[in-house]
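Student: okay, here's the prediction I keep looking at, along with the sequence it came from:
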Amino acid sequence: FGAAACGGDDNNTSNSSSGSSSAVKEDAPQPVAQIDDLSGGVDTQVTLDSGFVSALGTLKLTPAPVGDASISKAGVAKFPITGCNVTYYKPGTLSPYVQGEIDHEGSGLSLTAAGGPKVELTDFVVDPGASVLTGKVTVDGKVAAESAPLFFLDGRTLKPLETAGDTAILEGTTVKLKAEAADLLNKTFGTDALQGGLVIGVAKITVN
């Protein structure tokens, strides 16, 4: 179950153990970095874009961390990594060149309207191959969606993989609001101001 939930490593393992896959393995590019277990990972940080913060202010929505998340005074939101796996290939050798899944259970972001509803976006799952972040959506404590597409991850701004001691860092992905998430938030807060493609911020993923 864990392997399937983390992007099908079970299939990859069975293929690598069969003789018929030897030719494929020889031709396949070798990963620059591969982490099979992210349970000891560090965090995903998002430096919130000033335009997003201004939009929330205009709509009188107050953002706040949920669970193990935090938001600094400088506007950097941090969500601890809790599991799954990731593999990074040299850009241009494979598409997508970042594969796997990165889980963030027990943390998230809330948006509260003055005198109105409170929306919590939690349990983020980053799928770098599909360039999307999904998560659970609750409205005033009631689950509206168990796994909704929330943010598009624009990897065109991603910087090359960096290493620092025992950590690997992927930085530069632009996080944008998905149209489905914008529609849900607009309906909940009674507005039409939020649009798909709104830049939320820039992500930095750090793993051990």
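Tutor: That came through fine.

Student: what segments of this protein are strands?
Tutor: Under the criterion DSSP state E, the chain carries strands at the ranges 33-35, 43-48, 61-67, 70-71, 76-80, 83-88, 98-113, 118-127, 132-139, 142-154, 162-164, 167-177, 199-207.

Student: go ahead and flag the most central residue of the protein.
Tutor: V126 (3.3 Å; Cα atoms, centre = their mean).

Student: tell me the contacts of the spatially closest residue to that residue that is not a sequence neighbour?
Tutor: Closest residue to V126 apart from its sequence neighbours, by Cβ to Cβ, 6 or more residues apart in numbering: I102 at 4.1 Å. To be clear about C-beta, it is placed using only N, CA and C from the backbone, and glycine gets the same treatment. I102 is in contact with L38, G41, T44, I81, C84, V86, V125, V126, P128, I205, V207, counting by Cβ atoms under 8 Å, 6 or more residues apart in numbering.

Student: what pairs with I102 across the strands?
Tutor: I102 has these beta-bridge partners by DSSP bridges: C84, V126.

Student: all further residue positions should be reported with the first residue as 462.
Tutor: Fine by me, first position is 462 from now on; the one you just mentioned is I563.

Student: give me the distance between it and A489.
Tutor: 22 Å (Cβ to Cβ, to the nearest Å).

Student: how about the contacts of I563, which pair is most distant?
Tutor: The largest separation in those, counting by Cβ to Cβ, is between V586 and V668 at 15.0 Å.

Student: quick one: Q656 and L638 touch, right?
Tutor: Yes - with contacts counted by Cβ atoms under 8 Å, Q656 reaches L638, the gap being 7.4 Å.

Student: out of these two, which sits in the more crowded spot?
Tutor: L638 (20 against 13; other Cβ atoms under 10 Å).

Student: close enough to count as contact, the more buried one and A654?
Tutor: No - using Cβ under 8 Å, L638 makes no contact with A654, being 11.4 Å away.

Student: distance between the lengthiest helix in the chain and the chain's centre?
Tutor: Within the chain, and with DSSP state H defining each element, the longest helix by residue count is helix 640-650. The chain centre lies 19 Å from the centre of helix 640-650; the measure is Cα atoms, centre = their mean, to the nearest Å.

Student: in that helix, what's buried?
Tutor: A642, A643, L645, L646, T649, F650 (16 or more other Cβ atoms under 10 Å).

Student: check what pLDDT N473 gets.
Tutor: The score at N473 is 43. That number is its pLDDT.

Student: let me fix that: S556
Tutor: 89.

Student: what distance do you get for it to G590?
Tutor: Relative to G590, S556 is positioned 9 Å away (Cβ to Cβ).
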